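K.L.:
no sequence on hand, only this structure:
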């Protein structure tokens, strides 16, 4: 199937927000903000039209075809659906899988299905994607924080009763990374504390994900949608730092944070 309009640059933040808006992934306040941006920006309006045209084309032209049992099982396993004893009744995962199977069956949409599956890979991938989404939502909000303070003795207690645990809070202002405040993000339906630091004009979000959600011991360094991410584990907590800072600057922040003495 031919794409009616050239695809946008994947790292274009505004385009990604349009996709999230059309997929119903934004909260009402951010959805309204993106809708206004679309109305005032012809390029974003054209992107919305492109997505809607593609969806109509998929509905009209993609006809599901039977798949070999081995391929169906591989797809179901990849999206985490296969169980020895399936539970009765449909679920959103089952419906999503049926869409993926239909896309794979049509030769012209293999690329779309592959991307869909890739986004639902290992737990690290899903958490990294959630970290990026939360960071983007914070940047779109009037302020990227829920509590504004440069005093770690104010920020750390603020999380008490709001999240299962308070994160480690470090004062890095003398090193050029002042604490701005904190906020609560949501990962896998659980509240997660996020510290917010600043370096020049750049925002750094540092989320503390408990091992119940993110138990992998390994460190991670990745770039997603133009944002650098660094993950490490400290006392059973997985810390995720994300920013549009250059990799060396974010590395410096992480080294300073990890080297700081305990609270």
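P.N.:
Right, received. Where do you want to start? Everything quoted here is computed from the prediction, not taken from an experiment.

K.L.:
residue 242 and residue 52, how far apart?
P.N.:
In this view, residue 242 and residue 52 are 31 Å apart by Cβ to Cβ, to the nearest Å. The C-beta positions use only the backbone N, C-alpha and C, and glycine is treated the same way.

K.L.:
over to residue 128?
P.N.:
From residue 128 to residue 52 the distance is 29 Å (Cβ to Cβ).

K.L.:
swap in residue 240?
P.N.:
34 Å.

K.L.:
out of the two, which sits in the busier spot?
P.N.:
Just comparing residue 240 and residue 52: by other Cβ atoms under 10 Å the higher neighbour count belongs to residue 240, 27 against 11.

K.L.:
the more buried one bridge partners, please.
P.N.:
residue 207, residue 231 (DSSP bridges).

K.L.:
show the average pLDDT along stretch 191-206.
P.N.:
Per-region confidence: stretch 191-206 scores 95 on mean pLDDT.

K.L.:
could you do stretch 42-50 as well?
P.N.:
In the prediction, stretch 42-50 has an average pLDDT of 80.

K.L.:
repeat for stretch 157-171
P.N.:
pLDDT averaged over stretch 157-171 gives 91.

K.L.:
let me know the next secondary structure element after the helix or strand bottoming out on mean pLDDT in the chain.
P.N.:
For the chain, counting by mean pLDDT, DSSP states H and E, helix 110-118 ranks last in confidence among helices and strands (a mean of 42). Next along the chain after helix 110-118, taking DSSP states H and E as the criterion, comes helix 123-140.

K.L.:
packing partners for the helix or strand that that next one is followed by?
P.N.:
Using DSSP H and E, the helix or strand that follows helix 123-140 in sequence is strand 147-148. Based on contacts counted as 3 or more Cβ pairs under 8 Å, 6 or more residues apart in numbering; DSSP states H and E, the elements that strand 147-148 packs against are helix 152-158, strand 179-187.

K.L.:
and for strand 147-148, what's in contact with it?
P.N.:
154, 155, 158, 180, 181, 182, 183 (Cβ atoms under 8 Å, 6 or more residues apart in numbering).

K.L.:
out of those residues, which end up buried?
P.N.:
Neighbour-count burial (16 or more other Cβ atoms under 10 Å) applied to those gives 155, 158, 180, 181, 182, 183.

K.L.:
so where's the longest helix in this structure?
P.N.:
helix 42-61 (DSSP state H).

K.L.:
for residue 155, which non-adjacent residue is spatially closest?
P.N.:
Of all residues not flanking residue 155 in the chain, residue 182 sits nearest, at 4.7 Å (Cβ to Cβ, 6 or more residues apart in numbering).

K.L.:
next: residue 199.
P.N.:
Per Cβ to Cβ, 6+ apart, closest to residue 199 is residue 177, 5.3 Å.

K.L.:
same check, this time on residue 37
P.N.:
Nearest one to residue 37, counting by Cβ to Cβ, 6+ apart, is residue 44 at 6.0 Å.

K.L.:
how near is the one you found to residue 142?
P.N.:
Relative to residue 142, and taking Cβ to Cβ, residue 44 is found at 20 Å.

K.L.:
next: residue 148.
P.N.:
Applying Cβ to Cβ to residue 148 and residue 142 gives a distance of 12 Å.

K.L.:
looking only at neighbour counts, state which of the two leads.
P.N.:
residue 148 (14 against 6).

K.L.:
so how far is residue 186 from that one?
P.N.:
From residue 148 to residue 186 the distance is 20 Å (Cβ to Cβ).

K.L.:
correct me, but residue 173 touches residue 197?
P.N.:
No: if you go by Cβ atoms under 8 Å, residue 173 and residue 197 don't touch, sitting 9.2 Å apart.

K.L.:
much appreciated, bye for now.
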